[in-house]
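In: sequence and predicted model, in that order:
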Amino acid sequence: MNTSRFFYGYWIILTGFVTLTLNWGFGFYGFSVLNKPIASEFTWSRTEVATAFLVFCLAAAAISPAVGRLTDWHGPRRVLLAGTIVMSLSLFLLSRTSAIWNFYLLHLFLGFGWMLIGPVPVSAAVTNWFSRRRGTMQGLAFIGIGFGGLALAPLIGNYLVPGLGWRGAYLIMASALLAVMLPMVFIIVRDYPRAKGLRAYGDAVAQVPSGSASRPGMTAGLNLKEGLGTGAFWIAAVTFAIYGLANTAAVQNQVSILSEHGFATTSAVVTIGIVGLSSAAGKFFFGYLCDRISPKYAAGLSFSFTASALIVIIQAYSLPYVWLYSVLIGLGQGGWAPNMAMLVASFFGLKHYGALQGALYLAFLGGSAVGPVIAGFVYDRTGSYYPVLLTLSILCFASIPLIATIRKHKSLRG
């Protein structure tokens, strides 16, 4: 057992929470409240602005396997430090944007930085520090994703943009990210318990030998090539891609959708905070659930929340429907991070955890990238979000029985 009263791994959880709060509040939820004032200033169409989010997500998706490998071999700490610098610089330069081409280019680099300080290194750090209660601890760290929407999106949309303009908002975000993340990661984060003379929570022995930053070769599991060769991986990839597409199609357009339904912009922005709150609750709930049932069933439940939310927002012409949508889509979003992290650990093992999680993120973020663009394209052509939201809801419901069919590789079955 670890002898200290307060296990150092809980500092890793806190750091992961803060990291994901800033990462998602500034990078993901921030876009949904900044796109409208930027489009208004430059008279860009919704499709043109949404394309920046496509570039952002595709960049994050493209680099995610590499981030997983870097995390495996160099440890989460170095990856987080590099990502902080890249994302902060990208946010600063976005405050100086003047044309659509550099808006897209900077979202490319923003996507790189966002992925480098995203769930892959955070999840790897948590996994390194906890063998027992791993799902619950993942869920606690991942609450930061929802909290970023709850706390930072309304701050940006209702205070920073009205008070400082969208350029000033980008400057504040860049400064805050750099000022908080660099000292926090440098001082607190350690890749493995061994660095503090400890072992992982629930472990009888230390897992990693001196001089090794990574896990490969020390624990059971599939390597990247073996994982990609399984049907389970591709089923997970397809279903999480649909799930990501459905979530972003709704969330990144929800202010526009609700405005079209007659709600004031300020009221529509408040829903982002409610989504963030229910997403934060969902992170803990699904992390806790994954310690008790198979992650594939937990994933199916999160798919059902998202599918139901899309049906509700189609009919959201009164406040009760808006609140119900906000809770459902938040709970749906709450599941992806802990479910994906635990699914990789449970079905593919820990040998190349970062690489396999990064590969699965490639599929998830690929779907997430095209969601707002497809929704914006359909709206521009039809004047309604109804067709795309209904179609995505059906696909999300269809993913539930599909994800339930996956099985562990025979080498990992106990």
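Out: Received the coordinates, thanks. The structure presented is a predicted model; accordingly, all values stated were derived computationally and were not measured. Numbers count the residues shown, from 1 in each chain.

In: can you show me the helices along the stretch 51-200 of the chain?
Out: Taking DSSP state H, counting those that start in this stretch as the criterion, the stretch 51-200 of the chain contains helices spanning 76-94, 100-116, 119-129, 134-147, 153-155, 161-188.

In: figure out which of the ones you listed is closest to residue 196.
Out: Among those, the nearest to residue 196 by C-beta to C-beta is helix 119-129 (9.7 Å). No exception for glycine: its C-beta is placed from N, CA and C like everyone else's.

In: just checking, what packs against the closest one?
Out: Secondary-structure packing of helix 119-129 (3 or more C-beta pairs under 8 Å, 6 or more residues apart in numbering; DSSP states H and E): helix 9-24, helix 46-74, helix 76-94, helix 134-147, helix 319-348, helix 353-382.

In: kindly reformat the helices of the stretch 51-200 of the chain as TSV containing mean neighbour count, mean pLDDT and distance to residue 303.
Out: Shown next, in TSV, are these (neighbours: other C-beta atoms under 10 Å; pLDDT from 0 to 100; distance: least, C-beta to C-beta, whole Å):
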stretch	mean neighbour count	mean pLDDT	distance to residue 303
helix 76-94	22	96	28
helix 100-116	21	95	23
helix 119-129	28	92	18
helix 134-147	27	89	17
helix 153-155	23	86	24
helix 161-188	17	95	31
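
In: among the ones you listed, which comes closest to residue 320?
Out: Taking the helices of the stretch 51-200 of the chain one by one with C-beta to C-beta, helix 153-155 is closest: 20.7 Å.

In: returning to what we had before: deepest-packed of the helices and strands packed on helix 119-129, please.
Out: Of all those, helix 134-147 has the most neighbours on average by mean count of other C-beta atoms under 10 Å, namely a mean of 27.

In: can you name every helix or strand that it contacts?
Out: Helices and strands touching helix 134-147, by 3+ C-beta pairs under 8 Å, 6+ apart, are helix 9-24, helix 119-129, helix 265-290, helix 319-348.

In: quick one: distance of that helix to the chain centre.
Out: 11 Å (C-alpha atoms, centre = their mean, to the nearest Å).

In: now the helices and strands packed on helix 134-147 in JSON lines, with distance to residue 403?
Out: Below are these laid out as JSON lines (distance: least, C-beta to C-beta, whole Å):
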{"stretch": "helix 9-24", "distance to residue 403": "24"}
{"stretch": "helix 119-129", "distance to residue 403": "19"}
{"stretch": "helix 265-290", "distance to residue 403": "13"}
{"stretch": "helix 319-348", "distance to residue 403": "9"}
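
In: those: lowest mean pLDDT?
Out: The minimum mean pLDDT among the helices and strands packed on helix 134-147 belongs to helix 265-290 (a mean of 82).

In: got the angle between that helix and helix 134-147?
Out: If you take axes from the mean of the first three to the mean of the last three C-alpha atoms, to 10 degrees, helix 265-290 sits at 180 degrees to helix 134-147.

In: which parts of helix 265-290 are buried?
Out: Buried residues in helix 265-290, defined by neighbour count with 16 or more other C-beta atoms under 10 Å: 268-290.

In: what sits closest to residue 182 if chain neighbours are left out?
Out: The shortest distance from residue 182 to any residue other than its chain neighbours is 5.7 Å, reached at residue 84 (C-beta to C-beta, 6 or more residues apart in numbering).

In: if I look at that neighbour, how far off is residue 386?
Out: Relative to residue 386, residue 84 is positioned 41 Å away (C-beta to C-beta, to the nearest Å).

In: next up, the contacts around residue 268.
Out: Taking C-beta atoms under 8 Å, 6 or more residues apart in numbering, we find residue 268 in contact with 254, 255, 258, 259.

In: the third one contacts residue 274, doesn't it?
Out: No - proximity of residue 258 to residue 274 does not meet the contact threshold set by C-beta atoms under 8 Å, at 11.7 Å.

In: residue 301 versus residue 325, what's the distance?
Out: Between residue 325 and residue 301 the computed distance is 18 Å (C-beta to C-beta).

In: also residue 320?
Out: Distance, residue 320 to residue 301, using C-beta to C-beta: 23 Å.

In: and residue 408, what does it touch?
Out: Counted by C-beta under 8 Å, 6+ apart, residue 408 has contacts 232, 346, 347.

In: my read: the first one touches residue 412, true?
Out: It stands for residue 232. No - using C-beta under 8 Å, residue 232 is not in contact with residue 412, being 10.5 Å away.

In: intersection of neighbour lists for those two?
Out: Common neighbours of residue 232 and residue 412, using C-beta under 8 Å, 6+ apart, are 347, 348.
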